[in-house]
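J.: Quick one: sequence plus predicted model below, questions after.
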There are 2 protein chains.
Amino acid sequence: MENTLIPDPLIIAKRGSFAFGGAVVGRPDGHTLHGDHGYAQYNIPVGPKKHPLVFWHGLSQSAKTWETTPDGREGFDDIFLRRGFSVYLIDQPRRGRAAQGTIGTMIPDASSEELLPDAFYFNAFRLGTWAPPEAPQYFPNVSFPSDRRSLEQFLRQVVPNTGLEGFDALTRELQSNAASALFDEIGPAVLVTHSNGGQYGWRTAMKNGRVAAIVSYEPSTFAFPESDPPAAITYPPEAIENEPDLVSDEQFLGLTKMPIQIVFGDNIRGDRGYEPYVERAEQFIAAINARGGDAEVLHLPEAGLVGNTHFPFADSNNLQVADLLSAWLARKCLDH
Amino acid sequence: MENTLIPDPLIIAKRGSFAFGGAVVGRPDGHTLHGDHGYAQYNIPVGPKKHPLVFWHGLSQSAKTWETTPDGREGFDDIFLRRGFSVYLIDQPRRGRAAQGTIGTMIPDASSEELLPDAFYFNAFRLGTWAPPEAPQYFPNVSFPSDRRSLEQFLRQVVPNTGLEGFDALTRELQSNAASALFDEIGPAVLVTHSNGGQYGWRTAMKNGRVAAIVSYEPSTFAFPESDPPAAITYPPEAIENEPDLVSDEQFLGLTKMPIQIVFGDNIRGDRGYEPYVERAEQFIAAINARGGDAEVLHLPEAGLVGNTHFPFADSNNLQVADLLSAWLARKCLDH
């Protein structure tokens, strides 16, 4: 650790962990099995602000996403605890400490081509370009340190699914039902989602009014009203095509009840995989605001931040990214 | 939460998480994949005692084992942090947040008989007797609350393996190599293992002198010197037969270099599955002490504690169990 300043101690009134939501499966022989719950760890400061922050990771990740950064600095977990928020980190159903699902799955061998290799994550998460057997090339401006340990820590954050994780309605229902049970338990809170978790966040907010706001870092899939689907988007061959999540018009109105901010990092324009998601985000925001909602997009480069990856909250400049979140929460009267 | 007393805030100088150990697998196409690492989360109090405590979970569990108890009270994580120890909780390789392994596996469907049902854990972990479709029957003296939520939280702690977990030498090597890397990183510390984690703890201590002591709650498998294997034990039909882990005589001597305490709970005599493990533990302790080591067994009922399950550190009387650990650490000069 290279901190020259020793930070003040963290003062925590209460912390802990618990399971939320989930199913109980019965077998013909009378046996039961618990699964499909989520896992939450929380830290509550002394005199917490009114609205906790609930952090939801993305694809191939766990709550670790929000903890110590790959280069050993404080993540959003610590940063927002220090700023007086109660912080809840979750492992979503069928992931990490909530890996006990109700449906089986096959986890491939690392030598098989079915398992996503390091270079996939390096490229998709926009650290730079890596075409093995060549060495990885970082983007010249990337806000990620180039030492070997940081990259290794980053790659070891990857966690497999232990059950389907898809872009299908069934998975979205399962995920958002569990998260809705969490909000029932903890009360009104701000939901902060990342990437693939974004789609589950929209669904959670549509079914539970306790979602007081959503901030979503680089979501890839968006909800739209079924009577008014968005215009088609031309996806480049490199991009994964994400179909809009069509919901009833009434459901969609749920997203007009709370402020929403979507945040994108840097090096997106040159990254053909992400540009369509930005375009979809603009359509999503337009659909919400046309119905009286309050949604906006924040491009970090336009706010003066440089080189952010797909994980802005863990990048070298994550304190500045946190400042932008704090400022937005203040504007929405959610920081008192 | 039913605490009538609000506990003092926790004051934490530093906390965080990181990956330790692990492998990098290369594919013929030049791609690499990281896996088989462990995951550690740590909390360091202000002015910590010299030796951190490293907690290692058992079968079908994660670091959650040591966090909030099923009935919402503080686990050993908080209890020993309050007592001034730096506390490290791990998810072992191929489990929880360290689930990314290097070998594939099949996770069965909950409706299949291959997945262990609730009643298996209820019985094996000695909460009582459950023979579906009958309702679960708690042991009359059990130190576990009988409300539905506590049992549900307990059952939702279960996490599947995402790679072999066995009683084989290869798994023990993989697990102890990772843990040894953790001790290399953090320095001398006390290792506290549970159940199936016990066998990995012996192996870790034999290969890394930084393991300053071992406390093992209800381990099931024990190391023995290959030139002096233990006398055969008669296993009842209900028990899983655990072969001794035979190591070289020189390796075994590693276990004479640090104090070792093995702790067993209650309702073992009537539980035919656990009695053989107690017998093996006595053989193990005799083998260590005959070679100049310092090993002992603690039966909680003999210390006046009643009704402890396979998870004494999370039972209703876990503060008293913690007191016994504190007292032992003090006797071994490891609490300063």
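T.: Sure thing, it's come through.
J.: Run the chain-centre distance for the longest strand seen in chain A.
T.: Ordering each strand of chain A by length in residues (DSSP state E) puts strand A:10-20 first. What separates the centre of strand A:10-20 from the centre of its chain is 20 Å, taken as C-alpha atoms, centre = their mean, to the nearest Å.
J.: does the helix or strand that it is followed by come close to chain B?
T.: Next along the chain after strand A:10-20, taking DSSP states H and E as the criterion, comes strand A:23-26. Yes: against chain B, strand A:23-26 shows contacts by C-beta under 8 Å from any C-beta of the partner chain at A:Val25. C-beta here means a position set from N, CA and C on the backbone, and glycine is covered the same way.
J.: could I get the helix or strand following strand A:23-26 in CSV with only the CA atoms?
T.: Per DSSP H and E, the first helix or strand lying C-terminal to strand A:23-26 is strand A:32-35. C-alpha atoms of strand A:32-35 as CSV (Å, rounded to 0.1, in the frame of the first residue of the first chain):
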residue,chain,number,x,y,z
THR,A,32,-36.6,-29.3,0.6
LEU,A,33,-33.7,-27.2,-0.7
HIS,A,34,-33.1,-23.5,-0.3
GLY,A,35,-31.7,-21.5,-3.2
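J.: Give the rounded mean pLDDT of strand A:32-35.
T.: Average pLDDT, strand A:32-35: 96.
J.: helices or strands next to that strand in the packing?
T.: Judged by 3 or more C-beta pairs under 8 Å, 6 or more residues apart in numbering or on different chains; DSSP states H and E, the packing partners of strand A:32-35 are strand A:23-26, helix B:118-124.
J.: so does the following helix or strand past it get close to chain B?
T.: Downstream of strand A:32-35, the first helix or strand assigned by DSSP H and E is strand A:38-45. Yes: interface with chain B: strand A:38-45 contributes A:39, A:41 (C-beta under 8 Å from any C-beta).
J.: Next, the angle strand B:38-45 makes with strand A:38-45.
T.: For strand A:38-45 against strand B:38-45, the angle by axes from the mean of the first three to the mean of the last three C-alpha atoms, to 10 degrees is 20 degrees.
J.: which residues sit in contact with the residue most central in space within chain A?
T.: For chain A, the residue nearest the mean C-alpha position is A:His194 (1.7 Å; C-alpha atoms, centre = their mean). A:His194 makes contacts with A:55-58, A:61, A:65, A:216-219, A:311, A:313, as judged by C-beta atoms under 8 Å, 6 or more residues apart in numbering or on different chains.
J.: please redo it, this time with the cut-off set to 6 Å
T.: Listed by C-beta atoms under 6 Å, 6 or more residues apart in numbering or on different chains, the contact set of A:His194 reads A:57-58, A:217.
J.: circling back to that earlier point, so for the longest strand of chain A, what gets flagged as buried?
T.: For strand A:10-20, burial by neighbour count (16 or more other C-beta atoms under 10 Å in any protein chain shown) applies to A:10, A:12-20.
J.: which of those residues are close to chain B?
T.: Contacts with chain B are made by A:10, A:12-13, A:16-17, A:19 out of the buried residues of strand A:10-20, judged by C-beta under 6 Å from any C-beta of the partner chain.
J.: And A:His57, how far from A:Ala303?
T.: 23 Å (C-beta to C-beta, to the nearest Å).
J.: And A:Arg156, by the same measure?
T.: Taking C-beta to C-beta, one finds A:Arg156 at 30 Å from A:Ala303.
J.: In terms of neighbours, single out the busier of those two.
T.: It is A:Arg156, of A:Arg156 and A:Ala303, that has more neighbours when counted by other C-beta atoms under 10 Å in any protein chain shown, with 25 against 13.
J.: How about the more buried one, nearest residue that isn't a chain neighbour?
T.: B:Ala19 (3.6 Å; C-beta to C-beta, 6 or more residues apart in numbering or on different chains).
J.: got it, and A:His299?
T.: Nearest one to A:His299, counting by C-beta to C-beta, 6+ apart, is A:Phe264 at 5.2 Å.
J.: ends of stretch A:83-103, how far apart?
T.: Distance across stretch A:83-103, first residue to last, is 40 Å (C-alpha to C-alpha, to the nearest Å).
J.: Quick check: chain neighbours aside, which residue is closest to A:Ile268?
T.: A:Ile268 sits nearest to A:Tyr274 (C-beta to C-beta, 6+ apart), 4.6 Å away.
J.: what's the answer for A:Thr162, then?
T.: With sequence-adjacent residues excluded and distances taken as C-beta to C-beta, 6+ apart, A:Thr162 is closest to A:Ala99, at 4.2 Å.
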